[in-house]
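Q: quick one, what's the 3D model for this:
(5 chains, ligands or ions: 4)
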Amino acid sequence: MESTEVAAYSKRVQITRMIVVVVLLIIWEVTARAGVMDVSWSSYPSQIFGQLSKWAMEGILWVHIGTTLNEMFWGFLLGSAMGIVAALINGRAQTLEKTLNPYILAIYSVPPVALAPLFILWFGLGVTGKIFLIASIVFFLVYLNTLAGVKEVDQDLIDSMRIMGADEKTIYTRVIIPNAGIWILTGLKQAVPKAITGAIAAEMMAAKSGMGYLIMESSSMLDIGGVLASLVVLLIVGLALTELVSRVERFLLRWKTA
Amino acid sequence: MALQKVNLKIDKGEFVSFVGPSGCGKSTLLNMIAGLIQPSEGSLLYEGEPVAGINQKVGYMTQKDTLLPWRTTEANISVPLEIRKISNAEKKEKVMRYIDMVNLRGFENHYPMQLSGGMRKRAALARTLIYDPDTILMDEPFGALDAQLKLVMQDELLRIWRETQKTIIFVTHDLGEAINLSDRVVVFGAKPGRIRMIKKIDLPRSRDVFKIRFHPHYGEIYEELWDVLEQDVGKGEVV
Amino acid sequence: MALQKVNLKIDKGEFVSFVGPSGCGKSTLLNMIAGLIQPSEGSLLYEGEPVAGINQKVGYMTQKDTLLPWRTTEANISVPLEIRKISNAEKKEKVMRYIDMVNLRGFENHYPMQLSGGMRKRAALARTLIYDPDTILMDEPFGALDAQLKLVMQDELLRIWRETQKTIIFVTHDLGEAINLSDRVVVFGAKPGRIRMIKKIDLPRSRDVFKIRFHPHYGEIYEELWDVLEQDVGKGEVV
Amino acid sequence: MKNEAVTIEELHSVQQVKPESYSVTKNVNRLWMNRILIGVVFLAFWQFASGRLIKPFWVSDPYSIALRLYEWFSTGFIWIHIQATLSEMLIGLALGSLLAVIGGLLLGSSRFLGDVFYPIILGLYSVPRIALVPLFVVWFGIGMASKVVLVTVVVFFLVFFNAFTGVRDVDQDLINTLRIMGASKRDIFLKVIIPGASRWVFTGLRLAVPYSLMGAVTGEIIVANQGIGYLVSWSSGMFDSTGMMAALFILMICGVVADTIVTRVESKALIWKRNE
Amino acid sequence: SAGQGKEAGEAGKVKITMAQGGDGLIWLASYVAHEKKLFEAEGLEVETVKMDGGSKATQAVIAGEAVAQAQSTIHSLKAVSEENDLISVAVLNKEFPVFSAISNEAAQKAGITKDMAVEEQIKRLKGLKIGISSPGSSTDLLIRFLLKKVGLNPDTDVTLTPFGKGDALLAALEKGAIDVFLYPSPYAEMAEAKGKGMVIINPNKVKELQGFAYLTLQVNKKFIEENPETVKKLVRAYAKASAFIREDEKGTKEIIKKQFPALDEKVVDLSYQNNIAAYPKDTEEMLMTPQQFSQNLEWLNMTEKKPVQLNQEQVVNQSFIEKTAK
Ligand SMILES: Nc1ncnc2c1ncn2[C@@H]1O[C@H](COP(=O)(O)OP(=O)(O)OP(=O)(O)O)[C@@H](O)[C@H]1O
Ligand SMILES: Nc1ncnc2c1ncn2[C@@H]1O[C@H](COP(=O)(O)OP(=O)(O)OP(=O)(O)O)[C@@H](O)[C@H]1O
Ligand SMILES: [Mg+2]
Ligand SMILES: [Mg+2]
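A: Ligands and ions are numbered 1, 2, ... in the order given. Alright, predicted model coming up:
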């Protein structure tokens, strides 16, 4: 309750979390070195950390992160924009939504990786293809969540606006979109890790740089340490991006928690 | 079937209350006047015209809270003005006037979540008033308030009604409230709702809601209405 | 700080009501008696023992609806018996008795969503009673009911109280209701809540809630309490 | 007349009817007609475009795909693959959601443990599993196990976060009410937390079902000698777009059917949510 | 893809994109050309996009998103049989550089030894789990061919499982998930060097596979028509790379080591020995003989239900090889 109590608690949580992580890393390191685990297929923390700092020093790391983040940014933007717009349209047009629903579900169950040849044909080997692949993954999560949000809108709010003389557009901008906000953000939060996976999958399919390329390179050079080091980087990127979305969420939804 | 053969005429500028057991169709009737649902039989005229589609001439304070939760008090009250595309300066000034009217000064920047039940009702009232409709429909607007605050709000409502000459249709469960406020009280019977009685309240205007219950006629009127209501006790409680 | 130096003793078998402006700390006090929150200063004894942790000797009907939404009326009412691991046959029989007591026969298999507000309150009441605690805390149990049903429920509550000899602490916004029911009415002042008055209601037992307001003392008592309450009108409305 | 604001005469009303449920059958027929129409138009356009606007090498054409499907089903060749994929998916789904529900309930009901581990699990969630498929193979072999593990992991995360949120979302007042009645921890767990979180768990499951299918197929695309994913990668490797599209078609059907089943089960299980 | 092959910028270099379906010593010539700046010497700026498997790389070239690739000949034939435009302009590997590794345990169980006759080794694979790169790939075709040759049925007598890439195959072998795998060097050699298995079945000891034009330089047909000069330069760069591999053993090994830092000396030596003979000594050897062509076609038709009919002119254009370059 008191702010000092809260601070003490969160400190305790953080310390425990650190201890847990450190202990796990130590166990990993020790068992790896003791030969309990096969190092060539599992590496160990100090090797991974060494690899990371080497990449960071050489500057390779930044180039690859840059490529991946760039793809993710545009893919995320495109996918979520399309997802939101499509859901806003479909959510209010019930017949349209119901008619299209099985088709959307059907497309949703196709892994984008399976459509690789078409992505190559239509969007090439460059950044565009990756952006579209990421967008197609982000699209569904954002679409499905936004759709739920639009359908969830309290009809009474809409009615009360209509009695005040609001037209459809006003209802959209003043009621439906703000109301769907929390759902859109949930979708975006779920989409962050998926966007990372999408970027990696796309880069593993065809690339000349990016974290996925780095993973593939390391893996064909039989450098498991490199693979895991790349994954650590992605883990950090993922956490940072999720935190970013959460911050945006907290800001936009301050009316809920205030 | 929520309503059964209802006949009723309400004059301009009149203050009419609806009372009756839960589920008898009071809210349904308000919804019809607002044009949110259509009667399946019979006719409902507003200013001589049948109500078809949303009736934008009325203001409606529904039983449920319909403030937009993501807007502050001020932004909520200004919604009707935004819809009419009133200029910002004029808007600001007018909203402030109504905020004062409902005693919410100091809470302009609070979100609905941060307001108590009574404050929310007052904000909704301000939003309905600023929209300046000819007729105001109010569905149990003061149900959530404590006894004292209720009287304060009734007092304010009567003042506003006097000043603006609006028609008010008011739904309540509180017989005393209906008597305090109304020109006429319409008593509905249990479901399927029908009108049991239309009682003219011949207490003097303007009334002081804090004192009116000591008026010699008050008890009589209360008794009379109560007797009619009592016939339906318990019957209304069907899902 | 919601409460400020409150001193109060409640006897076994007594019926005490709390009234006061919204936000003055009535629910907070009930929560303390139930052991859900701890007082930061002063002491709160239950049957002579300090309340530490959850107080399982009381039954608590909170202001909010706390029926389990995924259980039917019957299953909800049987929760306290399940917790005590009562055999199925006995359980069934007992639950049916209480369902009858609160007049919910016919709605045993309805989910809370399918019940009206009043029915939900009655189901919650049955659940509290079946648990058979020494003391029952009730936070605005009849707030959502219409005027007539409210009286019916008050009548039933008084009957149950008479029969079971329980201690009841009852929070309400309705002064009339407090007078109808109580041995004593405790009037709280605006926040920070303190007790403004403890009024012994010396109306005869057993009372008929439908008629008691015509008792010659009733008006006096109402006036006296009302005057105390009025001092705080409007002051309570702070978030 | 002029002075009247509202005039009500002989007014009747039936109980409010929701617009969608009005004349249900007619609407359902219309709906299916529209759906079929869209499908037919799309297929017709595809058939037309193939060979004219785009080479069949890339997209094949509906007729050939239909022939292939007919061949696969008439020879029974396809069943073993469908069976492989579905069993990987179902076992993974069951394992993953079981672990996730247990984990979500545990971490959700302990504030401290939850606060400690939540970010760690969140971090692991953002590790792209596709990079780990070869490692999965190393650890769990090439048979069903590695794909089952992949699906399990995919499902775990989706359901875990929902179960966790669900537990955290359970109304504290409900818990308090039961505690006052003398409920033990176990009572509260069984009577409040589990049913309360079920709504969220179902939402998680709905999201997880298509992903479990995708997980199984992705795994098969990389390593397998059976399953729909294997058919996809095999056809793709042979530049056989007809086979690839036919396999994807089967996949889509599986996805739609799985979602329909979950929706049905959900509406049965959460009957208390629907008000009449 | 637009603008590829056009003169680009101040340096006057022509920028092109090549696709590469993985990593391994069959792409040694490409590595060498990059390292030794042989493309630059021809005025080419080559950007290599690594793809997940040979068929995806082939699709990229057919789509025109990459202009060329070094890829197994069979792939180009298969793609062309689907009416597409992919032309082989030069032979890059004239032997079959796909090697097999068997795990120690499996070798012992099956009684396979290193100096056993190849046919005997193949016969003893019966009942084993065999890892290939992907269905329809040259590893798949190779093992099917070999098994059939000794009278075994590839679909029933062994279990074939695709693993995509060499590292995954190696991992699977080490973990006992498979008994044998086939893949271009250096993965089989790695298994042996790590002490986990040994290299068996040298395909070049199989009579039918001798002189097999395994790898060709394949170019998008439209690109050839529009940029014949660039193609000529590309072929020339590869010719020089191939010559370098044949002539400079030390230099080549260094490039291998640079490309695969995890390899130790032994593996590099072994891999070099296994692959050296596959590289054309001169431009003469980069020409595809009709016999090599029909050999490839036969291979392709080995698994096809409807045999593919192709003649060499549709698929091969040797006019870019300058026979006098030597
Ligand atoms: N959305 C709805 N769907 C189905 N039935 C409804 C709906 N809304 C109201 N009803 C039914 O219509 C009848 C009239 O309801 P209405 O809300 O008008 O009652 P009311 O008099 O306003 O009651 P209260 O005093 O409880 O607000 C009731 O029987 C109710 O069950
Ligand atoms: N969860 C909470 N967090 C912070 N403040 C709270 C919380 N619950 C209650 N309060 C504050 O404690 C004070 C007393 O609240 P309480 O609910 O006891 O009032 P009450 O008398 O029951 O009011 P009402 O009649 O509206 O139910 C109020 O000022 C309220 O704002
Ligand atoms: Mg109502
Ligand atoms: Mg309270």
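Q: which residue would you name as the spatial centre of chain B?
A: For chain B, B:Met138 is the residue whose C-alpha lies nearest the centre (CA atoms, centre = their mean; 1.8 Å).
Q: pairing partners for it in the sheet, please.
A: Listed beta-bridge partners, B:Met138: B:Met61, B:Phe170 (assigned using DSSP bridges).
Q: ranges for the helices of chain A?
A: Taking DSSP state H as the criterion, chain A carries its helices at A:3-33, A:39-42, A:45-58, A:60-92, A:94-108, A:116-123, A:127-152, A:155-163, A:168-171, A:177-205, A:211-220, A:224-252, A:254-257.
Q: redo the ones you listed as JSON lines? Include mean neighbour count.
A: Glycine gets a C-beta too; all of them are placed from N, C-alpha and C. As requested, the helices of chain A are exported to JSON lines (neighbours: other CB atoms under 10 Å in any protein chain shown):
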{"stretch": "helix A:3-33", "mean neighbour count": "12"}
{"stretch": "helix A:39-42", "mean neighbour count": "16"}
{"stretch": "helix A:45-58", "mean neighbour count": "16"}
{"stretch": "helix A:60-92", "mean neighbour count": "20"}
{"stretch": "helix A:94-108", "mean neighbour count": "17"}
{"stretch": "helix A:116-123", "mean neighbour count": "21"}
{"stretch": "helix A:127-152", "mean neighbour count": "23"}
{"stretch": "helix A:155-163", "mean neighbour count": "20"}
{"stretch": "helix A:168-171", "mean neighbour count": "14"}
{"stretch": "helix A:177-205", "mean neighbour count": "24"}
{"stretch": "helix A:211-220", "mean neighbour count": "25"}
{"stretch": "helix A:224-252", "mean neighbour count": "19"}
{"stretch": "helix A:254-257", "mean neighbour count": "13"}
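Q: out of those helices, nearest to chain C?
A: Counting by CB to the nearest CB, chain C lies closest to helix A:3-33 out of the helices of chain A; the figure is 13.0 Å.
Q: quick one: mean pLDDT for the closest one?
A: On average, the pLDDT along helix A:3-33 is 88.
Q: is chain C within reach of that helix?
A: No. Remark: helix A:3-33 sits outside contact range of chain C, by CB under 8 Å from any CB of the partner chain, the gap being at least 13.0 Å.
Q: next, the angle helix A:45-58 makes with that helix.
A: Relative orientation of helix A:3-33 and helix A:45-58, computed by axes from the mean of the first three to the mean of the last three CA atoms, to 10 degrees: 100 degrees.
Q: is helix A:3-33 up against chain D anywhere?
A: Yes. Judged by CB under 8 Å from any CB, helix A:3-33 comes into contact with chain D through A:Ser10, A:Arg12, A:Val13, A:Thr16, A:Arg17, A:Val20, A:Val21.
Q: so what's the first one up against?
A: Neighbouring residues of A:Ser10 by CB atoms under 8 Å, 6 or more residues apart in numbering or on different chains: D:Asp115.
Q: now swap in the second one and tell me
A: If you count contacts by CB under 8 Å, 6+ apart, A:Arg12 has them with D:Phe112.
Q: assign a three-state SS to E:Ala278, would you?
A: When states are read from DSSP: H, G, I helix; E, B strand; the rest coil, the local structure at E:Ala278 comes out as coil.
Q: ok, now B:Leu36?
A: Look at B:Leu36: counting by three-state DSSP, its state is coil.
Q: pretty sure E:Thr113 contacts E:Asn104?
A: No. With contact taken as CB atoms under 8 Å, E:Thr113 and E:Asn104 are classed as non-touching, separated by 11.5 Å.
Q: and the strand or helix carrying D:Val116, how far from the chain's centre?
A: When elements are defined using DSSP states H and E, D:Val116 is found to belong to helix D:111-125. The gap between where helix D:111-125 is centred and where its chain is centred comes out at 24 Å by CA atoms, centre = their mean, to the nearest Å.
Q: does it reach chain A?
A: Yes. Helix D:111-125 is in contact with chain A by CB under 8 Å from any CB, via D:Phe112, D:Asp115, D:Val116, D:Phe117, D:Pro119, D:Ile120, D:Leu122, D:Gly123, D:Leu124, D:Tyr125.
Q: neighbours around the first one, how many?
A: Going back to what we said before, that points to D:Phe112. Using other CB atoms under 10 Å in any protein chain shown, D:Phe112 has 12 other residues around it.
Q: go ahead and confirm it touches A:Arg17.
A: No. Look at D:Phe112 against A:Arg17 with CB under 8 Å: they stay out of range, at 10.5 Å.
Q: shared neighbours, those two?
A: If you check D:Phe112 and A:Arg17 against CB under 8 Å, 6+ apart, no residue is contacted by both.
Q: most remote residue from chain B's center?
A: Taking CA atoms, centre = their mean as the measure, the residue most remote from the mean C-alpha position of chain B is B:Ala89, 30.0 Å away.
Q: what kind of secondary structure is that residue in?
A: Assigned state for B:Ala89: helix (three-state reduction, three-state DSSP).
Q: state the pLDDT value of it.
A: On pLDDT, B:Ala89 comes in at 89.
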